[in-house]
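Asks: my questions concern the predicted model and sequence given below.
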Amino acid sequence: MQATTLALIGAAGGVGTTRTAVELAAMGARDGRRVAVVDAAFTTQGLSEYVAGRVEPDLTALLTDDPDAALSAAAYPLIGAGDAARRSGSAGAGGERDVNGDPDLPGRVDAVPARAPFERVARAKTAEAARKLAGRIDEAATTYDAVVVDAAPAGSNEAVAAATSVDRAVAVRPATVHGRDAAQRLRGRIADVGGSLDSTLAVDRPGTAGSGDAVDRDDTDGGGSGAVRVPATDPEVAAAPTAAKGDDAYARAIAAAYEAAFDTSLGVEFPDPGLVDRVTP
């Protein structure tokens, strides 16, 4: 049986879609799953910031110059989500770590990023390249337990390919009334290209929580789907992935978001909050 493929589609630019994709993948690895994050946001190329070293080849090269190469040629381990295959063999006082000092997770996360010059990006944004991207997503599903596709708002061939070739599609929006409106517009655009949204993730941005513009977790974005709320976290790339080891409200929300997005259950257990945590406002 092939893996479930999931597209996270930003309702607007800069809403935290790439970070959320990385965190969802890390949570899947924490549950023992092998997860791939595939970049379908060729303009921003944000996923490449979450891998170390030189990215060559990247995903766009596989869609243009190296169509016969296996997807694994452009798959790179995610920083901060170590796996048992890279384990050093020794466990420290803080728990088992891999050779890079990352937490040793039962599963693993590979990123398939875009990092290319403008000329190749332009060629990777054609309709033909978009069809090849859909094939690459299917290829990932034969190797990994879950596939998360990081997609920009549906205004490019690669974003449309991501939205229409996956098993499930989820809107990522700011946790504000304006964000809810953006998700409603995105729902219409996805419908125009023959796709649909299965759910919504509403992401708080640092400094905005409690502003009075935030919506409730069960608020709807149209189509009768509730918005799962994800609290703000440190936006720095170096802080990710929090979900690989955290037990705070953010990690718990990412676990809930994973279960809602993939329509599955995780075996990740979080400690019960202590008395102080329960009574502290």
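Replies: Arrived safely, thanks for sending.

Asks: wait, A116 touches S48, no?
Replies: No - if you go by CB atoms under 8 Å, A116 and S48 don't touch, sitting 9.3 Å apart. In this view, the C-beta of every residue, glycine as well, is placed from N, C-alpha and C.

Asks: common neighbours of those two, please.
Replies: D58 (CB atoms under 8 Å, 6 or more residues apart in numbering).

Asks: so where do the strands sit in the protein?
Replies: 4-10, 34-40, 76-77, 82-83, 87-92, 95-98, 104-105, 108-112, 146-151, 168-174, 199-203, 227-230 (DSSP state E).

Asks: got any ranges where the stretch 151-281 of the chain has weak pLDDT?
Replies: Within the stretch 151-281 of the chain, the segments meeting pLDDT under 70 span 208-226, 273-281.

Asks: the helices in the stretch 151-281 of the chain, which residues?
Replies: If DSSP state H, counting those that start in this stretch is used as the criterion, the helices of the stretch 151-281 of the chain fall at 157-165, 177-192, 249-262, 275-279.

Asks: which of these is buried the deepest?
Replies: Ranked by mean neighbour count, the helices of the stretch 151-281 of the chain are led by helix 157-165 with a mean of 24 (mean count of other CB atoms under 10 Å).

Asks: compare A116 and S48 (neighbour count), which wins?
Replies: Using other CB atoms under 10 Å, the more surrounded residue of A116 and S48 is A116, with 24 against 18.

Asks: tally of neighbours for the closest residue to that one other than its chain neighbours?
Replies: Leaving aside its sequence neighbours, A116 sits nearest to T60 (CB to CB, 6 or more residues apart in numbering; 4.3 Å). Per other CB under 10 Å, the neighbour tally for T60 reads 27.

Asks: equivalent analysis for A151, please.
Replies: There are 28 residues near A151, going by other CB under 10 Å.

Asks: can you pull up the bridge partners for it?
Replies: Residues in a beta bridge with A151, per DSSP bridges, are I9, A40.

Asks: how about the contacts made by it?
Replies: Contact analysis of A151 by CB under 8 Å, 6+ apart lists 7-10, 17, 40-41, 158-159, 162-163.

Asks: any idea how far A21 is from it?
Replies: A151 sits 9 Å away from A21, going by CB to CB, to the nearest Å.

Asks: shared neighbours, the two?
Replies: L8.

Asks: so the residue nearest to A116 makes contact with E119?
Replies: No - between T60 and E119 there is no contact under CB under 8 Å: 10.2 Å.

Asks: tell me which of the strands of the chain lies nearest to K132.
Replies: Counting by CB to CB, K132 lies closest to strand 34-40 out of those; the figure is 11.9 Å.

Asks: and the closest one, what does it pack against?
Replies: Counting by 3 or more CB pairs under 8 Å, 6 or more residues apart in numbering; DSSP states H and E, the packing neighbours recorded for strand 34-40 are helix 17-30, strand 108-112, helix 127-143, strand 146-151, helix 157-165.

Asks: relative to A26, which of the helices of the stretch 151-281 of the chain is closest?
Replies: Judging the helices of the stretch 151-281 of the chain by CB to CB, what sits closest to A26 is helix 249-262, at 7.9 Å.

Asks: still on that earlier bit, reformat the helices of the stretch 151-281 of the chain as JSON lines; add distance to A69.
Replies: JSON lines is the format used below for those (distance: least, CB to CB, whole Å):
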{"stretch": "helix 157-165", "distance to A69": "18"}
{"stretch": "helix 177-192", "distance to A69": "30"}
{"stretch": "helix 249-262", "distance to A69": "28"}
{"stretch": "helix 275-279", "distance to A69": "49"}
